[in-house]
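Student: Sharing a model that was predicted from the sequence below.
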Amino acid sequence: MTDDFVTYREGLESPADNAAAISPSNSTDLQNVTRGIYVGGSGTVRLITVQGETVSFAGLVAGTILPVRATRVTATGTTATDLVALW
């Protein structure tokens, strides 16, 4: 398969190269720091940012991509479903 963009420099505004399902946890960090989180089912996402701040994003609708660098999505306070880490 040809990748016409292989020689381009990648930045935070670039599309993600990787994705993985998120299992919210109060004690376990994500495998990789995210560049964004896809929200498949509406609700609230409570997370810890790469700077160590805990924040809740309420009222997210299905199909939202939350552009945030997160180390963990907590089980407590997260009601959104089908979350996917993008990095």
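Tutor: Right, received. Where do you want to start?

Student: contacts, neighbours, all on C-alpha from now
Tutor: Fine.

Student: Report the separation between the most centrally placed residue in the chain and Q51.
Tutor: Against the mean C-alpha coordinate of the chain, by CA atoms, centre = their mean, the closest residue is I37 at 2.3 Å. Noted for I37: a distance of 16 Å to Q51, by CA to CA, to the nearest Å.

Student: State the distance from D29 to T7.
Tutor: 32 Å.

Student: For these two, work out which one has more neighbours and name it.
Tutor: Legend: neighbour count by other CA atoms under 10 Å for D29 and T7, higher for D29 (16 against 7).

Student: wait, what's in contact with the residue nearest to the centre of the chain?
Tutor: By CA atoms under 8 Å, 6 or more residues apart in numbering, the contact list for I37 reads 65-68, 83-86.

Student: Quick one, grab the pLDDT at Q51.
Tutor: pLDDT for Q51: 98.

Student: Please report phi then psi for it.
Tutor: phi -90, psi 0 (degrees, to the nearest 10).

Student: Who does G36 form a beta bridge with?
Tutor: G36 has these beta-bridge partners by DSSP bridges: L86.

Student: Touching, it and V73? I think so.
Tutor: No. G36 lies out of contact with V73 (CA atoms under 8 Å); the separation is 11.8 Å.

Student: Thanks a lot, see you next time.
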